[in-house]
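Output the structure for:
(chains A and B)
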Amino acid sequence: NAGVMQNPRHLVRRRGQEARLRCSPMKGHSHVYWYRQLPEEGLKFMVYLQKENIIDESGMPKERFSAEFPKEGPSILRIQQVVRGDSAAYFCASSREQGGGYGYTFGSGTRLTVV
Amino acid sequence: GQNIDQPTEMTATEGAIVQINCTYQTSGFNGLFWYQQHAGEAPTFLSYNVLDGLEEKGRFSSFLSRSKGYSYLLLKELQMKDSASYLCAVRDSGRTALIFGKGTTLSVSS
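Next up is the predicted model:
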């Protein structure tokens, strides 16, 4: 019974390249959340998706960042033309239902380093 | 605005009891969560409070007072493996995404 799977665990990109981060939610979970964590900072909400729909993207930067959760396959967080300030740990979480009381299951994260 | 405050660091010794406080100011409230995060790992769920009072789960307990915008996580019989960051998170009403504090780094020494 696999948990939330994120890949890759570590990703190195040069400035100006694209980064693609993948997240497969737990089996039976249809709600996906992306968070970013900078050193010494808390987890910052980015976007909430259900299958084929973006529900809340209030935490997403307006440019270069996009997210999708297609009918088939994992959720993808895409960062175009990466800059050094994008270096962070990106966590995905999933839940079974909206507003579930048992928390959200997090993946192990993708650590993005922009050089 | 939305604001969640918790102490940055705390230290304690094995076998002791420690209380990590969290105060929050959000436009709405639909539950408070505590997570544990070891360095370089995923946050793991510890507790959930939506009504006032104490929720006990083994060595860990969590308390909520909605009128005061206050919660605490109580850890008893501390062990070295409890050294981690403890994250307080609030779910605003009408939203399902959690708003996290910056976390409290707890160091347990022998």
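
what does chain B have sitting close to chain A?
Contact residues (C-beta under 8 Å from any C-beta of the partner chain) of chain B with chain A: B:4, B:30-31, B:33, B:35, B:41-45, B:48, B:50, B:87, B:89, B:91, B:95-103. (Each C-beta comes from the backbone N, C-alpha and C, glycine too.)

Distance check, the residue nearest to A:Pro8 when sequence neighbours are not counted against chain B.
Of all residues not flanking A:Pro8 in the chain, A:Thr110 sits nearest, at 6.1 Å (C-beta to C-beta, 6 or more residues apart in numbering or on different chains). Distance, A:Thr110 to chain B, by C-beta to the nearest C-beta, to the nearest Å: 11 Å.

residue contacts, A:Thr110?
Listed by C-beta atoms under 8 Å, 6 or more residues apart in numbering or on different chains, the contact set of A:Thr110 reads A:6-11, A:21, A:89-90.

Could you do A:Pro70 as well?
A:51-52.

For it, grab phi and psi.
For A:Pro70, the backbone dihedrals (degrees, to the nearest 10) come out as phi -70, psi 170.

Identify the bridge partners of whichever residue of chain B sits closest to chain A.
Closest contact between chain B and chain A, by C-beta to the nearest C-beta, is at B:Phe45 (3.6 Å). Beta-bridge partners for B:Phe45, by DSSP bridges, are B:Tyr35.

Just list whatever residues bridge to A:Leu49.
Bridge pairing for A:Leu49 - DSSP bridges - gives A:Val32, A:Ile54.

Hmm, it is touching A:Ala67, no?
Yes - the pair A:Leu49 and A:Ala67 qualifies as a contact (C-beta atoms under 8 Å) at a distance of 6.1 Å.

Look at these two and report which has more neighbours.
A:Leu49 (26 against 21; other C-beta atoms under 10 Å in any protein chain shown).

Please report how far the more buried one lies from A:Ile55.
6 Å (C-beta to C-beta, to the nearest Å).

Name the residues of the helix or strand containing B:Ile20 that come out as buried.
Element membership for B:Ile20 (DSSP states H and E) is strand B:18-25. Neighbour counts over strand B:18-25 (16 or more other C-beta atoms under 10 Å in any protein chain shown) mark B:18, B:20, B:22-24 as buried.

Would you point out the most distant pair within those?
Spatially, the most separated pair among the buried residues of strand B:18-25 is B:Val18 and B:Tyr24, at 19.9 Å (C-beta to C-beta).

Residue ranges in the chain under the pLDDT threshold?
Looking at chain A here, since you left the chain open. A:1, A:98-103 (pLDDT under 70).

look at chain B instead
B:1.

residue ranges for the strands of it, please.
Along chain B, the stretches classed as strands by DSSP state E are B:3-5, B:9-13, B:18-25, B:32-37, B:44-49, B:53-57, B:60-65, B:70-75, B:84-91, B:98-100, B:104-109.
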